[in-house]
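Asker: turn this into a structure:
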Amino acid sequence: MTTLNIHNIETAPKESKNLLEASNKSYGMIPGLHGVLASSPQLLEAYQTLHQLFTESSFNNDELTVVWQTINVEHECHYCVPAHTAIAAAMKVDSAISDALRNGTSMPTEKLQALHEFTLKVTRNRGNVTQDDLNTFYAAGYEEKQVLEVILGLSQKVISNYTNRIANTPVDAPFKKYAWSKNDVVS
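Answerer: Just a heads-up that it's a prediction; the model follows:
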């Protein structure tokens, strides 16, 4: 098991202090992930910027959650699955969506299912999707813009999922009630 430092505002490199202050202001705390990322001010800034850009994409809250959690579950991120379950609840996403993503069951709508399946293909195949994959995604009501926005969401999640796996970031107290493990998935 590996661990990396989890910084607070006092211990963080000078260049990360303002970024951690922004995290504290936004979330009322410094998430453990942000504390780990603070060792590299550039990575923390990249993560925060990608997060903001992805939340400003054309996806609604349900769709943002589908992209985030599809990737989190696929990467088996012990930290991000509970964190994004809490975030989805705060964003008023139907718990049926979160439950389906956490448990590997079907989405409540065909459109969300198509987004989930396309996101999985992009993630699993490292971007190697077929024209048929794209056509299926488009037939569900999505466009080229959303293809690229899935890549934006994946970029954000690669930073967090990989960092949390390497750092073994402890799940923050507000997210613990949403703890998740691949072993918990109902077959």
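
Asker: so for the residue nearest to the spatial centre of the chain, what's the pLDDT?
Answerer: In the chain, the centroid-proximal residue (C-alpha atoms, centre = their mean) is residue 68; its distance is 3.7 Å. Confidence at residue 68, expressed as pLDDT, is 98.

Asker: who touches stretch 22-32?
Answerer: Stretch 22-32 is contacted from outside by 6, 8-9, 20, 34, 48, 79, 83, 169-172, 174, using C-beta atoms under 8 Å, 6 or more residues apart in numbering. For every residue, glycine as well, the C-beta is placed using N, CA and C.

Asker: identify the residues contacting residue 54.
Answerer: So residue 54 contacts 64, 67, 149, 152, 153, 156 (C-beta under 8 Å, 6+ apart).

Asker: which of the residues you listed ranks first by neighbour count?
Answerer: Comparing those by number of neighbours (other C-beta atoms under 10 Å), residue 67 comes first, having 28 neighbours.

Asker: residue 110 touches residue 139, doesn't it?
Answerer: No: applying C-beta atoms under 8 Å as the test, residue 110 and residue 139 come out as separate, 9.8 Å apart.

Asker: correct me if wrong: the residue nearest to the centre of the chain contacts residue 153.
Answerer: Yes: counting by C-beta under 8 Å, residue 68 does reach residue 153; the two are 6.3 Å apart.

Asker: which element is residue 49 on?
Answerer: helix 41-55 (DSSP states H and E).

Asker: how far does that helix sit from the chain's center?
Answerer: Centroid separation for helix 41-55 versus its chain: 12 Å, with C-alpha atoms, centre = their mean, to the nearest Å.

Asker: ok, then the element right after it?
Answerer: Later in the chain than helix 41-55, the nearest helix or strand by DSSP H and E is helix 61-74.

Asker: and for that next one, what's in contact with it?
Answerer: By C-beta under 8 Å, 6+ apart, helix 61-74 touches 54-55, 57, 59, 80-81, 84-85, 87-88, 91-94, 97-98, 101-102, 104, 107, 112, 115-116, 119-120, 123-124, 149-150, 153-154, 156-157, 161, 182, 185.

Asker: which of these fall in helices?
Answerer: 54-55, 80-81, 84-85, 87-88, 97-98, 101-102, 112, 115-116, 119-120, 123-124, 149-150, 153-154, 156-157, 161 (DSSP state H).

Asker: now a PyMOL select for only the buried ones of the residues you listed.
Answerer: Buried residues among the ones in helices among the contacts of helix 61-74 (16 or more other C-beta atoms under 10 Å), as a PyMOL selection:
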select buried, resi 54+80+81+84+85+87+88+97+98+101+102+112+115+116+119+123+149+150+153+154+156+157+161
